[in-house]
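curious how this folds, go ahead:
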Amino acid sequence: MSSTFDIYEYIEGLTGFVFDKTVINRIALDRGVSEITSYEELTEDVKELLRADLLYTAYCSPNVIANHSHQHGSYSKSVGAQTINRDELFRIFMGIYSKYGEEDKVEGIGGVVRWIDEKW
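Residues are numbered from 1 along each chain as shown. Reported below is the predicted structural model:
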(Lines give C-alpha, C1' and ligand atoms only; values in the text may rest on other atoms or scores of the structure.)
Protein backbone atom coordinates (compact mmCIF):
# COMPACT_ATOMS: atom_id res chain seq x y z
CA MET A 1 0.00 0.00 0.00
CA SER A 2 1.56 3.26 -1.11
CA SER A 3 0.47 6.61 0.25
CA THR A 4 1.54 10.01 -0.91
CA PHE A 5 2.89 12.59 1.48
CA ASP A 6 0.62 15.57 2.06
CA ILE A 7 2.34 18.49 3.79
CA TYR A 8 -1.00 19.95 4.87
CA GLU A 9 -2.05 16.73 6.59
CA TYR A 10 1.39 16.53 8.19
CA ILE A 11 1.06 20.05 9.59
CA GLU A 12 -2.45 19.28 10.84
CA GLY A 13 -1.08 16.33 12.78
CA LEU A 14 1.65 18.24 14.63
CA THR A 15 -0.64 19.22 17.52
CA GLY A 16 -3.85 18.01 19.06
CA PHE A 17 -5.63 21.21 18.03
CA VAL A 18 -7.95 21.40 15.05
CA PHE A 19 -7.32 24.36 12.75
CA ASP A 20 -9.15 25.72 9.76
CA LYS A 21 -7.57 24.74 6.43
CA THR A 22 -6.74 28.40 5.78
CA VAL A 23 -4.53 28.45 8.89
CA ILE A 24 -2.67 25.33 7.76
CA ASN A 25 -2.24 26.82 4.29
CA ARG A 26 -0.94 30.14 5.68
CA ILE A 27 1.61 28.40 7.88
CA ALA A 28 2.80 26.21 4.98
CA LEU A 29 3.20 29.27 2.76
CA ASP A 30 4.91 31.34 5.49
CA ARG A 31 7.42 28.56 6.14
CA GLY A 32 7.97 27.87 2.43
CA VAL A 33 6.93 24.23 2.64
CA SER A 34 3.77 24.24 0.52
CA GLU A 35 5.58 22.51 -2.38
CA ILE A 36 7.18 19.74 -0.30
CA THR A 37 6.17 16.31 -1.58
CA SER A 38 8.07 13.93 0.72
CA TYR A 39 8.68 13.65 4.43
CA GLU A 40 12.42 13.36 3.84
CA GLU A 41 12.50 16.96 2.54
CA LEU A 42 11.56 18.29 5.98
CA THR A 43 14.44 19.23 8.25
CA GLU A 44 14.17 18.91 12.01
CA ASP A 45 14.16 22.68 12.49
CA VAL A 46 11.31 23.15 10.00
CA LYS A 47 9.27 20.43 11.73
CA GLU A 48 9.72 22.11 15.10
CA LEU A 49 9.03 25.59 13.75
CA LEU A 50 5.83 24.41 12.05
CA ARG A 51 4.68 23.05 15.40
CA ALA A 52 5.60 26.33 17.11
CA ASP A 53 3.63 28.27 14.49
CA LEU A 54 0.54 26.15 15.22
CA LEU A 55 0.91 26.59 18.97
CA TYR A 56 1.41 30.33 18.55
CA THR A 57 -1.76 30.47 16.45
CA ALA A 58 -3.66 28.62 19.17
CA TYR A 59 -2.17 30.98 21.77
CA CYS A 60 -3.45 34.00 19.82
CA SER A 61 -6.92 32.43 19.53
CA PRO A 62 -9.76 32.66 22.05
CA ASN A 63 -9.38 30.57 25.24
CA VAL A 64 -11.72 27.96 23.81
CA ILE A 65 -11.54 26.74 20.23
CA ALA A 66 -15.09 25.92 19.11
CA ASN A 67 -16.19 22.43 18.18
CA HIS A 68 -15.85 21.36 14.54
CA SER A 69 -17.79 19.02 12.29
CA HIS A 70 -16.56 17.81 8.92
CA GLN A 71 -18.80 15.82 6.62
CA HIS A 72 -18.26 14.51 3.11
CA GLY A 73 -20.72 11.97 1.81
CA SER A 74 -21.10 9.24 4.41
CA TYR A 75 -17.90 10.28 6.22
CA SER A 76 -18.25 12.58 9.20
CA LYS A 77 -15.90 13.70 11.93
CA SER A 78 -16.72 15.81 14.97
CA VAL A 79 -14.26 17.38 17.36
CA GLY A 80 -15.43 18.90 20.62
CA ALA A 81 -14.42 22.32 21.92
CA GLN A 82 -10.78 22.61 22.98
CA THR A 83 -9.64 24.68 25.96
CA ILE A 84 -6.26 26.39 25.70
CA ASN A 85 -3.63 26.50 28.47
CA ARG A 86 -1.90 29.71 27.42
CA ASP A 87 1.02 29.42 29.85
CA GLU A 88 1.94 25.96 28.58
CA LEU A 89 1.57 26.98 24.93
CA PHE A 90 3.74 30.06 25.49
CA ARG A 91 6.46 28.00 27.18
CA ILE A 92 6.56 25.49 24.32
CA PHE A 93 6.45 27.81 21.30
CA MET A 94 8.84 30.36 22.85
CA GLY A 95 11.27 27.53 23.62
CA ILE A 96 11.22 26.47 19.99
CA TYR A 97 11.43 30.00 18.60
CA SER A 98 14.32 30.79 20.97
CA LYS A 99 16.15 27.64 19.91
CA TYR A 100 16.10 28.86 16.29
CA GLY A 101 16.53 32.60 16.91
CA GLU A 102 12.94 33.54 16.02
CA GLU A 103 11.94 35.20 19.29
CA ASP A 104 11.15 38.41 17.40
CA LYS A 105 8.21 36.61 15.76
CA VAL A 106 6.29 37.15 19.00
CA GLU A 107 7.87 40.42 20.08
CA GLY A 108 5.50 42.50 22.14
CA ILE A 109 3.19 39.62 22.98
CA GLY A 110 3.51 40.20 26.71
CA GLY A 111 3.38 43.95 26.35
CA VAL A 112 4.98 46.57 28.55
CA VAL A 113 3.08 48.88 30.85
CA ARG A 114 4.52 52.37 31.26
CA TRP A 115 3.17 55.39 33.05
CA ILE A 116 2.30 58.19 30.64
CA ASP A 117 4.65 60.69 32.32
CA GLU A 118 7.54 58.21 32.60
CA LYS A 119 10.80 59.40 31.06
CA TRP A 120 12.00 57.16 28.23
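
so Gly101: helix, strand or coil?
coil (DSSP: H, G, I helix; E, B strand; the rest coil).

any idea how far Glu88 is from it?
22 Å (Cβ to Cβ, to the nearest Å). In this view, the C-beta of every residue, glycine as well, is placed from N, C-alpha and C.

more crowded one of the two?
Taking other Cβ atoms under 10 Å, Gly101 and Glu88 do not tie; Glu88 has more neighbours (11 against 8).

element containing that one, please.
helix 86-99 (DSSP states H and E).

just checking, what packs against that helix?
helix 44-59 (3 or more Cβ pairs under 8 Å, 6 or more residues apart in numbering; DSSP states H and E).

ok, Asn63 touching Asp87?
No. Using Cβ atoms under 8 Å, Asn63 is not in contact with Asp87; the gap is 11.9 Å.

on that earlier part again, what angle separates the helix holding Glu88 from helix 44-59?
Inter-element angle recorded for helix 86-99 and helix 44-59: 150 degrees (by axes from the mean of the first three to the mean of the last three Cα atoms, to 10 degrees).

buried residues of helix 86-99, list them for me.
For helix 86-99, burial by neighbour count (16 or more other Cβ atoms under 10 Å) applies to Leu89, Phe90, Ile92, Phe93, Met94, Ile96, Tyr97.

let's have those residues in CSV, adding pLDDT and distance to Val46.
Shown next, in CSV, are the buried residues of helix 86-99 (pLDDT from 0 to 100; distance: Cβ to Cβ, whole Å):
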residue, pLDDT, distance to Val46
Leu89, 91, 20
Phe90, 92, 21
Ile92, 95, 17
Phe93, 95, 15
Met94, 94, 18
Ile96, 96, 11
Tyr97, 95, 13
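
what is the nearest of those to Phe5?
Ile96 (22.5 Å; Cβ to Cβ).

pretty sure the closest one contacts Ala52?
Yes. With contact defined as Cβ under 8 Å, Ile96 and Ala52 form a contacting pair (3.8 Å).

just give the nearest non-adjacent residue to the most centrally placed residue in the chain, would you?
The residue lying closest to the centre of the chain (Cα atoms, centre = their mean) is Leu54, at 0.5 Å. Nearest residue to Leu54, sequence neighbours excluded (Cβ to Cβ, 6 or more residues apart in numbering): Thr15, at 4.9 Å.
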